[in-house]
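Asker: Starting from these lines, generate the structure:
(chains A and B)
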Amino acid sequence: MVFNSLAFAVFLPIVLLLYYATKGQTQKVVLLAAGYVFYGVWDSRFLFLVSLSTVLDFCTGLMIARGRMTLSQRLQATAHFLGFGFFFLFLDWKQVHIEGGLHVDWGRFVGGHPFYVRLFLLAVAGVAVAHLLYPRLAKLPEATRRKFFLCVSLVGQLGMLAVFKYANFFVDSAAALAGRLGFSVTGWHLHILLPIGISFYTFQTLSYVCDVYWRKMEPAGNLLDFAIFVSYFPPLVAGPIERASHLLPRILAPRRVTLDHWCRGMFLVAQGMMKKVALADGLAPSVASIYNTAGVVTGVDVAAATLAFAVQIYCDFSGYSDIACGCSLFFGIDLLKNFDQPYFSVNPSEFWRRWHISLSSWLRDYLYIPLGGNKTTVGKTYRNLMLTMVLGGLWHGAAWNFVLWGFYQGLLLVVHRLVVGPRGKPFTGGLLARLPRMAFFFIFVCYGWLLFRANTFGQIAHFTHQLVAGFGSLALHMKKPTFSALAALPVLVILGVWQFSSGNPLYYRRAPAPVRGLIYAAFIFITVLGTSNDPQQFIYFQF
Amino acid sequence: MTPSSSSTSSFEPPRAPGDKPANARGAAAAVLWTVLCLLAADLVTSRVFRPPQKQTVEPSTLQRYFEYGRSVEGKLRLMVHPDDASSAPIVVAGWLRNPEFALEPKQASQPDHLLIAAYGQSFTQHVMQNATRLDPRIETRLLGGPGAPLSHSYALYQRDRHNHQAPVVVIGVLASVLPQLATLTPMTWGFEAPTPYMYPRYRLVRGQLQEQAPPLETLDDLRATLADPSRWAAFRNLLATEDAAYDSLTFDHDLFDRLALGRMVRRALGHGHQSDFTARYHDANGFKNQDGILDVARALLLEFGRTAVADGRLPIVLLFDDRGYPAHLDAALARTLDEAHIAYVSSDPIAPASDLNNFIPNGHFTPEIDAQMARLWLERIYQLRPAFRPAAAH
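Answerer: Below you'll find the predicted structure:
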């Protein structure tokens, strides 16, 4: 289910009604069920993966911290995992049709697909082995046990990512290399779908296990609480990547929803909708008209399309984050901040403190610092920076251009560190003084987006060449942006400058009611203009 | 591993001095002002971008933009006037019984000239116009309608068969309107700028083509139907049952027509409906034989070829794979044409639909592509009628 759909417009009020009408455990069940419905609408089979991720880290968290699980906890985990396996693998819900009355092909509904039946039986066997091994594993020495279960979690979570997201990338790359060397490698490509948002919820659960391992937090003792943490629907498929230390306490504590939550939430949802529906979707055809064409492209085309993509990807992703954070506020839960006006940055270091903050801070805390961070030799610091950014690039997608983009970002950070030194001071000048630096650095940001958006290495080379030497003709072939995008852009710029100048994320609240009304009306009016744009999937869903 | 220095910040913003939590009064005032601003914006938009009163005056881009979402019925009532001169020019076009068709030439003006009877849409017209420029001995009898689907072109061809002496007949097939074989009029699938002409719906019944005649064949029929509520209701009911693209939300006039925002919302919903309609018959891999549209298309072309040859004419088919349909038309129809030895010229080899540079913003091919296509078509004519080849080209 996507935020900018009619289905979500029906789904959210129903969930909110149920949420407000209940409390305590029932309220938690509502949240959990909402998460599963929200995710299961794409493909109910992937709920089995969510269950695997949930149960694996619930169990490993407890075994790392306490070395034991109560019988009730083990039964809960078993019932959850096998229940999901039975309902979403063993039963084939595609055989149920509700158009014109309920029709079920019973022959295929139960155990209709041999592969999924085998997978379900494998899950049953896995659970049986886990139960058999449990007494022995619980008796392991503490240090060994902690490391063992950390490894189980890492192998399990990263294994899922490796199979579903990266297997074909490495297989295809190896096959291509072998082909160049004269060997023919075929039949290794896996015909699997990439589960939506897998990178997001995998990183979320990984952070939980690491925090428990590092004794930064106590493990969740109740599967219901932990399952909500994994499948809480607003950030489930495109972030922000939540931390257990941040989200779990908000799930455990009784939540109180105030008018303040609603006001802030409405602003974020309205702003996010305008960014996504009017701007990102309004610019997508313009960008595609250059990046998806096999025809003649001039330097002006590349520059214009890349600039448009810079706006598109920011509005698409930060729009999703705004809507996610806004919706979450309706449930009384604050999510992590994911964007802080990244295009106001004057250097790469500042950019990564403002862009996709929940990922960059995750990479910092769970990769860069464990690698040694900057508390090591200069050479190793640069190595750590490069490695973190390259892996960050690969996180975005299984393609070489994402690796190149990560390498490029790492290179920018290294060069910046070489120029300003390890203790570079943040720029403190006013907006006007900042503007030339912002513009200069924005050129580098945009070139990064060219690497990110390009479809092939050949296109990167061609577009780069056109940017350097392709301005002989000033002809622009790019499709004109839609009216909604042209209307939304000035509104976004004005509000952005206002927010940056005020230094207050709630800048709009000090404005008089007519001005606030004008802002909301602009959001709504422009979003409605944008509803006739061709809806595009959120770019970050594919990650 | 070393413990991390996790320091993520919550979205909970630090309150600046003087910031107070929202209160009911402030929130109510903001809601009230939002509603007022929206009403004002709607009013201003509707006033400033009101379409011209005279239907013969071309509206501006923004006037058109805010009118796209008006219902088909609403647009028809604005566009169709008692006489053709004061009606919008678009409503006159494409009718099966169109008095203007009588003005088209019936035979070549000179003995060494070749009259071509062509049926199609603007794509076909552009190629024919270029052909006449490239070889002035070519004369054309052009019958068609804006964005005409194959069923419209075929119906015109059949109705026109005995009205002329053209030795060559051409039918133009446009990929993006192939699914419209399951419809009766562009009003239902082109709701943003509806052209009200109608055409038959063809079905294959036990291998035989059956024609369901359109309820309206002239603009006067439409005028009479619009003026009579019971006839209009019956017309809508017919579309609802026989036209696969009909959607009452985009077709029927209602309160949404009065509001700029309402029209935009209708436009968005209409786009969703249109996408659903197209998706039933076409996806990234090509056309699907939903409702037997491919069987019908093949049968129509075979019948076109058979009857033309029986009439002693040379049939030629033009296949236009327009934007978003890379070689899909060729994949669907070329084999049938090859097997039946019906000559055809396809746009795909010279202007792949995957290259957006082959198109101008309104979706047509660039003039250069039209000229190339005409050259290719002429070459085909010279091959099939060697005697007509110009002396210099021998």
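Asker: which residues in the stretch 401-543 of chain A form helices?
Answerer: Ranges of helices within the stretch 401-543 of chain A are A:431-453, A:457-469, A:483-502, A:513-530, based on DSSP state H, counting those that start in this stretch.
Asker: got the CA positions of the last one in PDB?
Answerer: Taking only C-alpha atoms (Å, rounded to 0.1, in the frame of the first residue of the first chain), the coordinates of helix A:513-530 have been written out as PDB:
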ATOM      1  CA  ALA A 513      -3.500  31.900  11.400                       C
ATOM      2  CA  PRO A 514      -4.200  33.400   8.000                       C
ATOM      3  CA  VAL A 515      -0.600  32.600   6.900                       C
ATOM      4  CA  ARG A 516      -0.800  29.100   8.200                       C
ATOM      5  CA  GLY A 517      -4.100  28.700   6.400                       C
ATOM      6  CA  LEU A 518      -2.500  29.900   3.200                       C
ATOM      7  CA  ILE A 519       0.300  27.400   3.600                       C
ATOM      8  CA  TYR A 520      -2.100  24.500   4.100                       C
ATOM      9  CA  ALA A 521      -4.300  25.600   1.300                       C
ATOM     10  CA  ALA A 522      -1.200  25.800  -1.000                       C
ATOM     11  CA  PHE A 523      -0.200  22.300   0.000                       C
ATOM     12  CA  ILE A 524      -3.700  21.000  -0.700                       C
ATOM     13  CA  PHE A 525      -4.400  22.900  -3.900                       C
ATOM     14  CA  ILE A 526      -1.000  22.000  -5.500                       C
ATOM     15  CA  THR A 527      -1.300  18.400  -4.400                       C
ATOM     16  CA  VAL A 528      -4.700  18.200  -6.000                       C
ATOM     17  CA  LEU A 529      -3.200  19.700  -9.200                       C
ATOM     18  CA  GLY A 530      -0.600  16.900  -9.000                       C
END
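Asker: mind listing what's buried in that helix?
Answerer: Using 16 or more other CB atoms under 10 Å in any protein chain shown as the test for burial, helix A:513-530 gives A:513, A:516-530. Backbone N, C-alpha and C define where each C-beta goes, glycine included.
Asker: Tell me the one among the residues you listed nearest to B:Val296.
Answerer: Lowest distance from B:Val296 to the buried residues of helix A:513-530 (CB to CB) belongs to A:Gly530, with 37.3 Å.
Asker: returning to what we had before: B:Pro326 is nearest to which of the helices of the stretch 401-543 of chain A?
Answerer: When the helices of the stretch 401-543 of chain A are compared by CB to CB, helix A:457-469 sits nearest B:Pro326, at 18.2 Å.
Asker: and the longest helix for chain A?
Answerer: Using DSSP state H, we find that the single longest helix of chain A is helix A:299-330.
Asker: Check chain B too.
Answerer: Max-length helix for chain B by DSSP H is helix B:24-48.
Asker: Off-centre distance for that one?
Answerer: 38 Å (CA atoms, centre = their mean, to the nearest Å).
Asker: That helix near chain A anywhere?
Answerer: Yes: residues of helix B:24-48 are located near chain A by CB under 8 Å from any CB of the partner chain, namely B:24, B:26-27, B:29-38, B:41.
Asker: List, one by one, the residues from the stretch 251-400 of chain A near chain B.
Answerer: Residues of the stretch 251-400 of chain A lying near chain B (CB under 8 Å from any CB): A:258-260, A:262-264, A:289, A:292-296, A:325, A:334-337, A:357-358, A:361, A:365-366, A:369-370.
Asker: Of these, select the buried ones using a ChimeraX command.
Answerer: Selection of buried members from those for ChimeraX, criterion 16+ other CB under 10 Å:
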select /A:260,262,263,264,289,293,325,334,335,336,337,357,358,361,365,366,369,370
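Asker: show me what contacts the closest residue to chain B within the stretch 201-350 of chain A?
Answerer: The nearest approach of the stretch 201-350 of chain A to chain B comes at A:Gly295, 3.1 Å away (CB to the nearest CB). Each residue near A:Gly295 by CB atoms under 8 Å, 6 or more residues apart in numbering or on different chains is listed here: A:477, B:355-358.
Asker: Do a quick rundown of the helices in the stretch 251-394 of chain B.
Answerer: B:260-281, B:293-310, B:328-339, B:367-384.
Asker: typed the wrong thing, it's the stretch 1-150 of chain B
Answerer: Applying DSSP H, counting those that start in this stretch to the stretch 1-150 of chain B gives helices spanning B:24-48, B:61-65, B:72-79, B:122-134, B:150-160.
Asker: and among the helices of the stretch 401-543 of chain A, the most buried is which?
Answerer: Mean neighbours per residue, mean count of other CB atoms under 10 Å in any protein chain shown, is largest over the helices of the stretch 401-543 of chain A for helix A:513-530, with a mean of 22.
Asker: and the angle for that helix with helix B:260-281?
Answerer: 30 degrees (axes from the mean of the first three to the mean of the last three CA atoms, to 10 degrees).
Asker: Nearest residue to the middle of the chain?
Answerer: With no chain named, the answer covers chain A. In chain A, the C-alpha nearest the mean C-alpha coordinate belongs to A:Ala238, at 3.1 Å (CA atoms, centre = their mean).
Asker: Let me rephrase: I mean chain B.
Answerer: Most central in chain B (CA atoms, centre = their mean) works out to B:Gly147, at 3.3 Å.
Asker: Pull the contacting residues for it.
Answerer: B:121-122, B:174, B:177, B:186, B:190, B:195 are the contacts of B:Gly147 under CB under 8 Å, 6+ apart.
Asker: switch to 7 Å and redo it
Answerer: B:121, B:177, B:186, B:190 (CB atoms under 7 Å, 6 or more residues apart in numbering or on different chains).
Asker: Could you report the distance from the second one to B:Thr195?
Answerer: Yep, that's B:Val177 we're talking about. To B:Thr195, B:Val177 is 12 Å away according to CB to CB, to the nearest Å.
Asker: Check the third one too.
Answerer: For B:Pro186, the distance to B:Thr195 equals 5 Å [CB to CB].
Asker: What of B:Asp243?
Answerer: 14 Å.
Asker: burial of the residue of the stretch 1-150 of chain A found nearest chain B, as a residue count?
Answerer: Using CB to the nearest CB, the single residue of the stretch 1-150 of chain A nearest to chain B is A:Leu6, 8.0 Å away. Neighbourhood size, A:Leu6 [other CB atoms under 10 Å in any protein chain shown]: 10.
Asker: again, but for A:Val155
Answerer: Count around A:Val155 with other CB under 10 Å applied: 12.
Asker: And the pLDDT at it?
Answerer: If you check A:Val155, the pLDDT there is 95.
Asker: tell me what the helix or strand encompassing it is packed against?
Answerer: Using DSSP states H and E, the element containing A:Val155 is helix A:142-161. In terms of contacts (3 or more CB pairs under 7 Å, 6 or more residues apart in numbering or on different chains; DSSP states H and E), helix A:142-161 is packed against helix A:47-65, helix A:198-213.
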